[in-house]
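Peer 1: Take a look and give me a structure for this.
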Amino acid sequence: MSFGKGYIQVYTGNGKGKTTAAIGLAIRALGAGKKVLFLQFMKDRVYSEHNLLSRLSPALTVETFGKPFFIAREGDLDQESLEKWQDRVVIFPPGNPPPAYVALLQAGLERARTALTAGEYDLVVLDEINVAMYYGLVPVAAVLELVREKAEGVEVVLTGRNAPPEIIDCADLVTEMREVKHYYNQGVNARKGIEG
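Peer 2: Coordinates of the predicted model:
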């Protein structure tokens with residue numbers, strides 16, 4: 001039971017809610033009797049949704065391809081952010097991402113390729129894949145190839161800030177979450193169950 005054609009959706013922008021929207025879509029698809037694969041790039045199993053999603057339905061598979069730290073290119077974070085994140089962020093020179101992280105995300109891409117081309121799932125979410133492309137951990141060309149090779153009835157969602165123009169161009173639906181106001185700017189850290 002597929003969605004018919006199966007479209008390419010992108011949730012991007014600097015505002016909160018991209019992963020949350022993808023989770024909502026996954027739940028909606030499950031409610032319609034669809035089979036869902038939720039692949040999270042650059043995330044470890046530390047987010048609150050992991051406490052529930054894997055138990056929600058046998059028709060939902062959640063897999064993570066990340067490490068228990070964030071990464072950033074040199075110059076991307078200001079001194080205040082560096083002090084805040086301390087040892088929870090790994091900084092790398094532009095064009096030289098950590099090889100172990102690249103290998104991990106390559107395994108995630110291969111998992112995505114298998115899922116998208118086999119047609120085993122009705123909906124495949126590639127959560128934070130846009131960020132992985134932005135940091136050069138995953139080539140944009142490889143992701144374009146993935147979505148172009150997907151089986152006809154598979155719906156695919158790509159989330160994360162900084163979606164490359166090529167991804168936006170190939171998508172059928174693009175939603176940009178724009179931050180208008182956020183309590184983070186008032187010094188409020190990520191709260192369990194809301195941001196993490």
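Peer 1: Next one: Glu80 from Leu60, what distance?
Peer 2: With distances taken as CB to CB, to the nearest Å, Glu80 is found 38 Å from Leu60. In this view, the C-beta of every residue, glycine as well, is placed from N, C-alpha and C.
Peer 1: higher neighbour count, the two?
Peer 2: Looking at Glu80 and Leu60 with other CB atoms under 10 Å, you find the greater number of neighbours at Leu60, namely 20 against 8.
Peer 1: tell me the contacts of the closest residue to the more buried one other than its chain neighbours?
Peer 2: Beyond its immediate neighbours in the sequence, the residue positioned closest to Leu60 (CB to CB, 6 or more residues apart in numbering) is Val36, lying 4.9 Å away. Going by CB atoms under 8 Å, 6 or more residues apart in numbering, Val36 touches Ala26, Ala29, Leu30, Ala59, Leu60, Thr61, Tyr121, Asp122, Leu123, Val124, Val125.
Peer 1: do that again at 10 Å, thanks
Peer 2: 25-30, 53, 56-57, 59-62, 121-125, 155, 157 (CB atoms under 10 Å, 6 or more residues apart in numbering).
Peer 1: Looking at the residues you listed, which are in strands?
Peer 2: Among the contacts of Val36, the members falling in strands are Leu60, Thr61, Val62, Leu123, Val124, Val125, Glu155, Val157 (criterion: DSSP state E).
Peer 1: all strands for this protein, in order.
Peer 2: So, for the chain - with DSSP E - the strands run 8-12, 36-41, 60-65, 70-73, 89-92, 123-127, 155-159, 173-176.
Peer 1: Contacts made by the first one with the rest, please.
Peer 2: Read that as strand 8-12. Counting by CB under 10 Å, 6+ apart, strand 8-12 makes contact with 17-22, 25, 123, 125-127, 129-131, 147-148, 150, 154-164, 167-168, 170-178, all of which sit outside it.
Peer 1: pLDDT below threshold where in this protein?
Peer 2: Screening the chain residue by residue with the criterion pLDDT under 70, one finds the ranges 1-4, 43-51, 68-69, 182-196.
Peer 1: What's the local residue count around Pro94?
Peer 2: A count of neighbours around Pro94, defined by other CB under 10 Å, yields 11.
Peer 1: who's in contact with it?
Peer 2: Shown here is Pro94, whose contacts under the criterion CB under 10 Å, 6+ apart are Arg73, Glu74, Gly75, Asp76, Tyr135, Gly136.
Peer 1: Which residue is the nearest non-sequential neighbour of the first one?
Peer 2: On the basis of CB to CB, 6+ apart, the spatially nearest residue to Arg73 that is not a chain neighbour turns out to be Pro94, at 5.0 Å.
Peer 1: residues near Glu149, how many?
Peer 2: When neighbours are defined as other CB under 10 Å, Glu149 has 10 of them.
Peer 1: Please read the previous query as pertaining to Gly33.
Peer 2: Around Gly33 sit 9 other residues, with neighbours defined as other CB under 10 Å.
Peer 1: Before I go, just wanted to say thanks for your time.
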